[in-house]
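Below: sequence and its predicted model.
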Amino acid sequence: MATSSANEIKLVSGRSHPELSEKVASRLGIKLATTVSLNYSNLETSVTIGESVRDQDVYIIQSTAPGMVNDGLMELLIMIHACRTASARSITAVIPNYPYARQDKKDKSRAPISARLVANMLQSSGANHVITMDLHASQIQGFFNVPVDNLYAEPCVLGWVKENLDTQNCVIVSPDAGGAKRVASLADKLDIGFALIHKERPRPNVVGRMVLVGDVKDKTAILVDDMADTCGTLAKAAQTVKEHGAKEVYAIATHGILSGPAIETINNSCLAGLVVTNTVPLGDKIERCPKLKIIDVSSTLAEAIRRTHNGESVSYLFHNAP
C-alpha cells in the first residue's frame, strides 16, 4: 500500500507577489505547487492546480498588488474554490496585506463595510483559516466565523530599529490618533518616549492641519504607521516633526502600498528614510526611491504556516522574530 503524503504542506502561490511566495517556500524547505493562472481575452481569470491536493493541507499565498487589488482578490477566491472542489482537507488563505481593510466600518450614510464583504467571500469560497499581517483594525477578525491569525511586523521592526538607529536618542511618533496604541507598544519595548500628531482630514486621502503633542527636539523621530499609501500624511507629519526641532525623521510602515505620486512625495520630503516590509510587491519602486528600505517578513509567514500545520501555537510570533 502506498504511503500517504497527507501531512505534507501544499504551498500554492497566486500571481500578485511571487517573490514573497518563493521566499516562504525556501524557508519551509519545500517547492511551490504547480499552478497555471491566466486571463482570457475578456479578462476573466482561469486557475488550474497542476497537482493533486486531495486530503492535503493547502496554504495559498496571495497579497494585494497596487492597482491589481480586485484581480488579486478574485484570483485568490478562485484558487480557494479550485482546491475545495479538488477535495483538499483544509485551505488556509495567507494574505499578508488584507484587501479593503480600511473599509472596516460604516463611517457615513450608505457606506459599505467592504472588509466584511471580503471576509464573507473568503469563507464562501471555502477558506477554513486565514493568516494575515497587521490588519488596519484588529476587529476585522470578528467578521470571520473561521480562525484568523493576525501576525505582527513589530518584532521585525524592533530588530531593524535596534540595528540601524541609536535608540537612546529616538522618539516614536504616531502620525494619527488611531495608531497611538501601536506606537505606545513600540515605545515601551524600546524604552523611549513617544509623541502624537493630531490631524484633520477634510476628505479621504487629503490631510488638513496637523498638531504635534510631545517633545521631539534634537531627537531622531520615527513615524510609525500600518500602511504607506499616497504618503501625503507621512510627508506632512515629517515636516511637522522637523519644524518642532527633530534632528532627522524616519518613517516605518508595514504595508508599502505606495500608490499614485507616493515615490515623488517621499523623494521630495524631509524623510531620511522610509522603511517598509515586503508584504506588498514593490517592483521598480526600490530603484526609483533611494530612501526606501525593506524588511523581509517571509520568515514570520513561513514560521506561522509551519506552526499552524503542526498544531503549534503561533502566539510566540507576536513578540519574537523567528
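On my side now, so go ahead. Numbers count the residues shown, from 1 in each chain.

Looks like residue 137 contacts residue 101 (just checking).
Yes. Assessed by CB atoms under 8 Å, residue 137 is found in contact with residue 101 at 7.1 Å. For the C-beta atoms, the positions are set from N, CA and C on the backbone; glycine is no exception.

Secondary structure of residue 249: a strand, I assume?
Yes. Under DSSP: H, G, I helix; E, B strand; the rest coil, residue 249 falls within a strand.

show me what contacts it?
Residues near residue 249 by CB atoms under 8 Å, 6 or more residues apart in numbering: 220, 221, 222, 223, 238, 241, 242, 270, 271, 272.

Among these, name the buried ones.
Buried subset of the contacts of residue 249 (neighbour count, 16 or more other CB atoms under 10 Å): 220, 221, 222, 223, 238, 241, 242, 271.

Just the pLDDT for the last one.
As predicted, residue 271 sits at a pLDDT of 97.

Spell out which helix or strand contains the closest residue to it other than its chain neighbours, please.
Using CB to CB, 6 or more residues apart in numbering and skipping residues adjacent in sequence, the residue nearest residue 271 is residue 238, 4.9 Å away. Residue 238 belongs to helix 232-243 when elements are defined using DSSP states H and E.

Check which residues of that helix are buried.
Neighbour count says helix 232-243 has 232, 233, 234, 235, 236, 237, 238, 240, 241, 242 buried, by 16+ other CB under 10 Å.

Remind me what that helix packs against, helices and strands.
strand 193-199, strand 210-213, strand 220-228, strand 248-256, helix 262-268 (3 or more CB pairs under 8 Å, 6 or more residues apart in numbering; DSSP states H and E).

Return the list of helices and strands in contact with the shortest one.
Here strand 210-213 touches strand 193-199, helix 232-243, going by 3+ CB pairs under 8 Å, 6+ apart.

got the angle for the longest one vs strand 193-199?
I take that to be helix 232-243. Angle between the axes of helix 232-243 and strand 193-199 is 120 degrees (criterion: axes from the mean of the first three to the mean of the last three CA atoms, to 10 degrees).

which intervals of the protein have sub-threshold pLDDT?
Along the chain, segments meeting pLDDT under 70 span 1-6, 201-202, 204-208.
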